[in-house]
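Predicted model follows, preceded by the sequence.
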Amino acid sequence: MGGSSNNSLKNMYNNYPMVQRINGLKELVLITGGYHVWSAYKHQTSKVKRNDFLEMGLHDLITITLFAGGHVMGDYCSGLVVIFITDFTDVWVHFAKATCDTHWKKACDFFGFMMWFWWAYCRIFCFPVCIYFMLLKDPFDIPNMKGSYEGYLYFFKGSLCSFLAIMNVWWFILISKMVFNAIFKGKQEDT
């Protein structure tokens, strides 16, 4: 995925359970979690229910559960990696939304394509790889983790993230249809 050879997701578990934390990391994860709580509230109380209302409700429920679970476990590093991977693609989503109802069709098509590309790389490739190593493999290399309460919590977090990965594939299919229709048929609409 990039980076030097001594950068590894396994570094998150050095000196476990007394992992050295970066100053401000906990606050960053909690602020981002608060944003997701606000987003869930906004989706649920909206007067206009969009076509992805149920999917977003499920996404918000899983995300808030993961934030709360990570906070209770003190596992902020894996949460930060997931935040970075998933929120990076949102930049392109918002650029595409900002130019959708304007006269800048080529810009909207470009941002739509970039959204499609980065969604595929970050959420279809990087996200499942990180889930596997961060939550389902590397924690269990720690002595006494298998069969422990913490081990079950890591497995539970990995299961929830796997469900989000399946949702990402579903959304990728919808995004692919939208980008194809926008570029080749000239239709800029949410399907």
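Arrived safely.

Could you list the buried residues of the longest helix along the chain?
When the chain is parsed with DSSP state H, its longest helix is helix 149-180. For helix 149-180, the neighbour count (16 or more other C-beta atoms under 10 Å) marks 150, 153-154, 157-158, 160-162, 164-165, 167-168, 171, 175, 178-179 as buried. Where C-beta positions appear, they are placed from N, C-alpha and C, glycine not excepted.

before we move on, what about stretch 91-106?
Buried, per 16+ other C-beta under 10 Å, within stretch 91-106: 92-93, 95-96, 99-100.

same question, stretch 111-125
Buried-residue list, stretch 111-125, by 16+ other C-beta under 10 Å: 111-112, 114-116, 118-120, 122-123.

of all the buried residues of stretch 91-106, which comes closest to Phe84?
Trp92 (14.5 Å; C-beta to C-beta).

Please report how far the residue lying closest to that closest one once chain neighbours are set aside lies from Glu55.
In space, and not counting its chain neighbours, Trp92 is closest to Met115: 3.8 Å by C-beta to C-beta, 6 or more residues apart in numbering. Separation of Met115 from Glu55 (C-beta to C-beta, to the nearest Å): 17 Å.

circling back to that earlier point, mind giving me a markdown table with the buried residues of stretch 91-106 and columns for distance to Asp141, pLDDT and secondary structure?
Formatted as a markdown table, these follow (distance: C-beta to C-beta, whole Å; pLDDT from 0 to 100; DSSP: H, G, I helix; E, B strand; the rest coil):
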| residue | distance to Asp141 | pLDDT | secondary structure |
| --- | --- | --- | --- |
| Trp92 | 35 | 91 | helix |
| Val93 | 36 | 88 | helix |
| Phe95 | 40 | 92 | helix |
| Ala96 | 40 | 86 | helix |
| Thr99 | 46 | 89 | helix |
| Cys100 | 46 | 82 | helix |
